[in-house]
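>>> Kindly generate the corresponding structure for this input.
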Amino acid sequence: MDKKRKNENDEISQLLDSFQTNEEDTLEQKMDQFTKNQTRSRVEKHKPEPEIPFQAKKEEPSLGDTFVVGSKDLNESKEDLSATRTVMWNADDLKQEADSTNQTVVIDDDEIQSLLEEGKGPQLKREVINKKKEPSKKKSAPKKSHSKTGMYVALGVVGVLLVSLLIFGGMKLMTGGLSSSDEKTSEVQKKNYQELLDFANNYDDLSSSDQKKIIGFESKYNSLTRKQREKIDEILEEVTGKTFNELLASANKKTSTKKDNNNTEIAEKKAQLKQKINDLKKQLLSAQSELENAQNAQSSAQSDVDSLQSQIDSAGGSVSAAQSAVISAQADYDNAQSALQVCENRRSELEQIPNSELTQDQYTELQQLYAEHQGLVDNVNTTKSALADAKTALSAAQKNSDTSSLQNKLKSAKMKLDSANSDVTDAQSKVDSLNSQINDYQNQLNQLD
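Got it, this is the predicted structure:
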């Protein structure tokens, strides 16, 4: 027992020494190295001595006897039930033995089978003998138990160390967190107390709206200690005759009453706005109808003006065309007269020359002038007639193109169009104004929701 405790103490000492060495290694690496060293040490201590295999003594079987056979390999760690041998009789040996003695009866296979079925034949016996129970192996079992116990102890020590580290770290973390939280809570409480002190000391100088801010201090007041709350109540009672909670209840009551009044006012205002919006929408429908009528009148007046202007433009175009025709006919007539005059003047010069003095060229020219004269006369007459026709057409066009009436109608149509445009502008402005008012009232209504 003392030796066992010594071994366990040695293993614990080795475990603690391994934690102090190789500080750069992690705890897991140190544990692995320690386990490898312990395993190597145990293997060297408990290495079994070589065993001498058991040699089975061979015996010759005799007739009628039973032969017991052991396992084939006594050094194997597991039992081999199949490693057995069975005694067999040789038929020739039995026959020879029968000749020399009367101790054995020779029978054939059929007779043996019948005897076996009746249970009267020779019985074969098979036994297995386990030769593995040796003193050396029995002594090794306690050693393995000791090695496992040491390993369990080592693992237990490591587990205790890990749990201790975790508990220590958790307690430190919780202590630090609680301490930090307590400090923050204390700072907030001091700040709240100071704010309430300032509010209480200056309460009598505050306006009614600022005094109502006491509602916002409720949570801060409740976070104070009992002595701090009593101090605040003492200051307020000296000024107002009421404690903080009494002033708070009064402020809440006023706020609730004001809210009720505000709700009534809001409801009435909503009803007024909705009525105004409905009235404006009716006016808008009428204004939109007026705008539509004005736009129709505008369109009709514009159509009249365009039609009259087209007629005036058409009449002026006819006169202009007739005037152009007269000018062209006049030019043709003037050219024809000029050509005829030239011909006659030259002919007259040649006729004044005596025939005896006329040269052949002059005579030929005179003959040509006679021939051309009639054609020139005819051309003058034709152009003169065309000129007369052009002048007649111009007179008719001018007579038919009296646009004074059309001009008067156009002037009236333009006045009507201007009035229609003005009506459309006014109607559109009215519609826009109504839409703007409706939008304003609708926005006010939406803000009340």
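>>> pLDDT wise, what is the nearest residue to residue 284 once chain neighbours are set aside at?
Of all residues beyond its chain neighbours, the one nearest residue 284 is residue 434 (4.2 Å), with distances taken as C-beta to C-beta, 6 or more residues apart in numbering. Yep, even glycine has a C-beta here, placed from its N, CA and C like the rest. Turning to residue 434, the model gives it a pLDDT of 93.
>>> Wait, residue 434 touches residue 282, no?
No. Counting by C-beta atoms under 8 Å, no contact exists between residue 434 and residue 282, whose distance comes to 9.6 Å.
>>> Quick check: which element contains the residue nearest to residue 284?
Assignment of secondary structure by DSSP states H and E places residue 434 within helix 404-448.
>>> Can you work out which other helices and strands pack against the host helix or strand of residue 342?
Residue 342 is part of helix 244-351 when elements are defined by DSSP H and E. Contacts of helix 244-351 with other secondary structure elements, assessed using 3 or more C-beta pairs under 8 Å, 6 or more residues apart in numbering; DSSP states H and E, are made with helix 218-222, helix 226-240, helix 360-400, helix 404-448.
>>> which residues touch the first one?
Counting by C-beta atoms under 8 Å, 6 or more residues apart in numbering, the neighbours of helix 218-222 from elsewhere in the structure are 192, 195, 196, 229, 232, 244, 248.
>>> need the helix or strand of the protein with the lowest average pLDDT.
Least confident helix or strand of the chain, by mean pLDDT, DSSP states H and E, is helix 91-100 with a mean of 51.
>>> Now do the contacts for residue 280.
When the contact criterion is C-beta under 8 Å, 6+ apart, the partners of residue 280 are 434, 437, 438, 441.
>>> Output these in TSV, with neighbour count appended to each entry.
Below are those laid out as TSV (neighbours: other C-beta atoms under 10 Å):
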residue	neighbour count
434	20
437	16
438	18
441	19
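>>> What is the nearest of those to residue 411?
Comparing the contacts of residue 280 against residue 411 with C-beta to C-beta places residue 434 closest, at 35.6 Å.
>>> Next up, the contacts around the closest one.
With contact taken as C-beta under 8 Å, 6+ apart, residue 434 is in contact with 280, 283, 284, 287.
>>> number of nearby residues for residue 217?
Close neighbours of residue 217, defined as other C-beta atoms under 10 Å, add up to 18.
>>> Distance of it relative to residue 198?
Distance from residue 217 to residue 198, counting by C-beta to C-beta, to the nearest Å: 11 Å.
>>> Buried ones in stretch 413-427, by neighbour count?
Along stretch 413-427, the positions that meet the burial threshold by neighbour count (16 or more other C-beta atoms under 10 Å) are 413, 414, 416, 417, 420, 421, 423, 424, 427.
>>> With pLDDT and distance to residue 309 added, can I get these in a markdown table?
Rendered in a markdown table, the data for the buried residues of stretch 413-427 read as follows (pLDDT from 0 to 100; distance: C-beta to C-beta, whole Å):
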| residue | pLDDT | distance to residue 309 |
| --- | --- | --- |
| 413 | 90 | 9 |
| 414 | 92 | 9 |
| 416 | 91 | 14 |
| 417 | 92 | 11 |
| 420 | 92 | 17 |
| 421 | 94 | 17 |
| 423 | 93 | 22 |
| 424 | 94 | 21 |
| 427 | 92 | 26 |
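>>> quick check, nearest of those residues to residue 292?
Relative to residue 292, the closest of the buried residues of stretch 413-427 is residue 427; by C-beta to C-beta it sits at 8.1 Å.
>>> Grab the nearest non-local neighbour of the closest one.
Leaving out its chain neighbours, the residue that sits closest to residue 427 by C-beta to C-beta, 6+ apart is residue 291, at 3.5 Å.
>>> Please report the distance of the one you found from residue 297.
Taking C-beta to C-beta, one finds residue 291 at 11 Å from residue 297.
>>> which one of the two has more residues nearby?
Taking other C-beta under 10 Å, residue 291 and residue 297 do not tie; residue 291 has more neighbours (20 against 17).
>>> I would like the residues contacting stretch 293-303, please.
Here stretch 293-303 makes contact (C-beta under 8 Å, 6+ apart) with 413, 416, 417, 419, 420, 421, 423, 424, 426, 427.
>>> Please parse this structure into its domains.
For the chain, whose domains are defined here by automatic domain parsing, the residue ranges read 1-36, 85-126, 149-242, 278-448.
>>> Next, format these as JSON lines and append distance to residue 256.
Compiled in JSON lines, these are given as follows (distance: least, C-beta to C-beta, whole Å):
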{"stretch": "domain 1-36", "distance to residue 256": "66"}
{"stretch": "domain 85-126", "distance to residue 256": "107"}
{"stretch": "domain 149-242", "distance to residue 256": "11"}
{"stretch": "domain 278-448", "distance to residue 256": "19"}
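>>> Out of those domains, name the one with the poorest average pLDDT.
Summarising mean pLDDT across the domains of the chain, the least confident stretch is domain 85-126, with a mean of 54.
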